[in-house]
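1. prediction below, plus the sequence it came from.
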2 protein chains.
Amino acid sequence: MRILLIGAGGVGAAVTAIAARRRFVERLVVADVQLARAEKAVAATGDPRFVAARVDASDEAAVGALLGEHGCTVLLNATDPRFVMPLFRAALSAGVDYLDMAMSLSRPHPEEPHRRTGVKLGDEQFALAGHWEAAGRLALVGMGVEPGLSDVFARYAADHLFAEIDELGVRDGANLAVRGHDFAPSFSIWTTIEECLNPPVIWERDRGWFTTEPFSEPEVFDFPERIGPVECVNVEHEEVVLMPRWVDARRVTFKYGLGTEFIDVLKALHKTGLDSTNPVRVGDVEVAPRDVVAAALPDPAGLGELMTGKTCAGLWVRGTGRDGNPREVYLYHVVDNAWSMTEYGTQAVVWQTAVNPVVALELLATGRWQGAGVLGPEAFDAVPFLDLLTAYGSPWGMREGG
Amino acid sequence: MRILLIGAGGVGAAVTAIAARRRFVERLVVADVQLARAEKAVAATGDPRFVAARVDASDEAAVGALLGEHGCTVLLNATDPRFVMPLFRAALSAGVDYLDMAMSLSRPHPEEPHRRTGVKLGDEQFALAGHWEAAGRLALVGMGVEPGLSDVFARYAADHLFAEIDELGVRDGANLAVRGHDFAPSFSIWTTIEECLNPPVIWERDRGWFTTEPFSEPEVFDFPERIGPVECVNVEHEEVVLMPRWVDARRVTFKYGLGTEFIDVLKALHKTGLDSTNPVRVGDVEVAPRDVVAAALPDPAGLGELMTGKTCAGLWVRGTGRDGNPREVYLYHVVDNAWSMTEYGTQAVVWQTAVNPVVALELLATGRWQGAGVLGPEAFDAVPFLDLLTAYGSPWGMREGG
């Protein structure tokens, strides 16, 4: 398989490191607007199948030319969500398959943002589904860990564990700490702000998609492998727009274990307008406050050496088991930062995001996953995915009782 | 009196409006780096004694030239504290008197910032005191409301109310709200961050000056005129470095009624590095995060129409009364935003800061206050100041019992 990876930030570099161990990769072109970042990721592998390139992800023509130049048949998008649509369109125009780990951005409902959805996550992508189907090409959207592995868990639960599902509730938590930093998010703050400050979206069979106030319905969820209890709140996330399209359930939610301190910081950024992506004038220059927040904080991809602890992504499922009795399970995937640093030199959160699209690419390369159109991970058989993830050295787990 | 006012922000514009009602002003040159701001402040008075000029406050030679051009004998500094030293030096070089409302900036102790002082507020100014004395000119420093009126209260308490003072505790609180804004500080956020995130300074007779952790020693203080109880914490403020130089007391503190919400925002800005004045690179530009915070928030001087409530500046004094019995009083000055908007079109906090240097200038113009060197407000007789403040339409109050 000949792959064009766009974005050599934390996740892109980890994708490169993981792909370097897999034989299905014939060519991986690592492209970034900063050529040095792409070159660094490629050099770290020392693998002749890998080459670096410079490209502006918002330049559809340049992306198309790069795909053609290297004969790539698939584009893997590892940029931030602002570049989803240009890359999605570039792949469609070029007639190649497409994968991403975050979907096109939402816009709140203009009158009732905390009650009704406006433009939902992925709406712009699903609007072009007919073109992808007509072209016979696949856009596999939301194929990281969350969304991604969490959606695979939903398919698995529906096919193998439950007769009826009352709730699919993604629950994400960690006990990561960063030495020497008061406050150091373990994932892109730009994306975290986007997720957490947009109105959270919920799906219910009788009501469809609807929204709430940010940080709604706090609950303490007990995470496995000694991570323990973490306060989780509703946030906007792709699983809620993906799962109901392919998996039958009464209710779909996403709660993020942000913890009180992180929630307070996000609330403060929102109150002060520092979450905004609209430029403000500062002396002679104009900058978007959110970009300044990202620049003021340490780069999360570089914190692995200072980090300790584990991160957990998973899906809590409640419903009726195949034996007719009530059942609750938590399907999960834990990465210990010490392990990912030793094995890949990559911090846990970034590694956990990056491994899943590589697994998916391998299933597509070997023909075990096939499809056309705009599809989520839950549109495919979960078993080969979970087996291959385990074969990558990173097993998943299931806790009976939720 | 011929005065050069530098800074036509909220406080500078209010100084102009207040001075326009006083006959002692022969000439007021209002200068700002943005000429339009200065022109607007002057135009609002319609007073031929007032003229606008453009000047860069960091350009000592240009400031000196402007003083000479208009024959000014005093410079009133209404800029943010970064410009204290160039303006202080410009006045000294030009041989004119100088007033400010905030003093030269502190620098934390390099090893023990939360235990020991480093460079204190005003240290750079006091280091030049000999030059001012030798020139026979006066630098009246910290002559706003806090520092300023609070220091006048300390002098008054020592001269007229107490035989011995155990503690001089400045306590500042408000019940101001701003319609339509989640979060809208009523005073310069740049200065508020500087005050609140630096290590608070405390003075004790047996120990001298020392520092604590930010936001230390929270207490709920009950403010008069139905403002009511507000949570106050230690912050770094000029009174603590000024009062012990001229007023005998066992302990001097400053606590600011920030309220829990404001404290949480300030903590978040600090955690995320957004309080920093060191530029960060954002794309192709470099900006100081703190300047972006200021730019992202509404201009406090423009919020008067949306604001309701009162602001209170005052000094709580505990000690032994002149009759030998224990005594506690709270000397205070309250401004109702509705009053300051009706009378001057200026919001309460800004007006309360601005009135005090105008009163002080009038006392200097009439010779009722005289002095040479670098002196705080508590170096002068308090009675004429308090009487003149009342004559300006803004009486002070005293609550027996603290």
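-> Received, thanks.
2. who's in contact with A:Pro199?
-> A:108-109, A:113-114, A:117, A:211-214, A:236 (Cβ atoms under 8 Å, 6 or more residues apart in numbering or on different chains). Bear in mind the C-beta positions are built from the backbone N, C-alpha and C, glycine included.
3. what about the residue nearest to it when sequence neighbours are not counted, how many neighbours?
-> The shortest distance from A:Pro199 to any non-neighbouring residue, by Cβ to Cβ, 6 or more residues apart in numbering or on different chains, is to A:Thr211 (3.8 Å). By other Cβ atoms under 10 Å in any protein chain shown, 24 other residues sit near A:Thr211.
4. over to A:Arg245?
-> 14.
5. and it, what does it touch?
-> A:376, A:378-379.
6. same check, this time on A:Val383
-> A:156, A:160.
7. and it, what's its pLDDT?
-> pLDDT, A:Val383: 98.
8. how close does it sit to B:Leu258?
-> Between A:Val383 and B:Leu258 the distance is 57 Å, computed by Cβ to Cβ, to the nearest Å.
9. can you list the domains in chain A?
-> Domain segmentation of chain A under automatic domain parsing yields A:2-100, A:149-346.
10. can you lay out these as a markdown table showing mean pLDDT?
-> Formatted as a markdown table, the domains of chain A follow (pLDDT from 0 to 100):
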| stretch | mean pLDDT |
| --- | --- |
| domain A:2-100 | 97 |
| domain A:149-346 | 94 |
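11. so which of those is nearest B:Cys196?
-> Nearest to B:Cys196 among those is domain A:149-346 (13.4 Å), distances taken as Cβ to Cβ.
12. contact residues of chain A facing chain B?
-> Counting by Cβ under 8 Å from any Cβ of the partner chain, the positions of chain A adjacent to chain B are A:182-183, A:264-265, A:267-274, A:276, A:280-283, A:285, A:287, A:289, A:291-293, A:295-297.
13. just those residues: which are in helices?
-> A:264-265, A:267-271, A:289, A:291-293, A:295-296 (DSSP state H).
14. selecting buried members of those in ChimeraX, what would you type?
-> Filtering those down to the buried ones (16 or more other Cβ atoms under 10 Å in any protein chain shown) takes a single ChimeraX command:
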select /A:264,265,267,268,269,270,271,289,291,292,293,295,296
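15. about what we covered before: can you flag the buried ones in the contacts of A:Pro199?
-> Applying 16+ other Cβ under 10 Å to these flags A:108-109, A:113, A:117, A:211-212, A:214, A:236 as buried.
16. pLDDT for the contacts of A:Arg245 - can I get that in CSV?
-> Below are the contacts of A:Arg245 laid out as CSV (pLDDT from 0 to 100):
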residue, pLDDT
A:Gly376, 98
A:Glu378, 98
A:Ala379, 98
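17. got the end-to-end distance for stretch A:37-52?
-> Terminal residues of stretch A:37-52 are spaced 9 Å apart (Cα to Cα, to the nearest Å).
18. what comes up buried for the helix or strand harbouring A:Ser150?
-> In the assignment (DSSP states H and E), A:Ser150 maps to helix A:149-156. Using 16+ other Cβ under 10 Å as the test for burial, helix A:149-156 gives A:149-156.
19. quick check: next helix or strand after that helix?
-> strand A:162-174.
20. tell me what the strand or helix carrying A:Val334 is packed against?
-> Assigned by DSSP H and E, A:Val334 falls within strand A:326-336. Using 3 or more Cβ pairs under 8 Å, 6 or more residues apart in numbering or on different chains; DSSP states H and E as the contact test, the elements touching strand A:326-336 are helix A:149-156, strand A:310-321, helix A:348-365, strand A:397-400.
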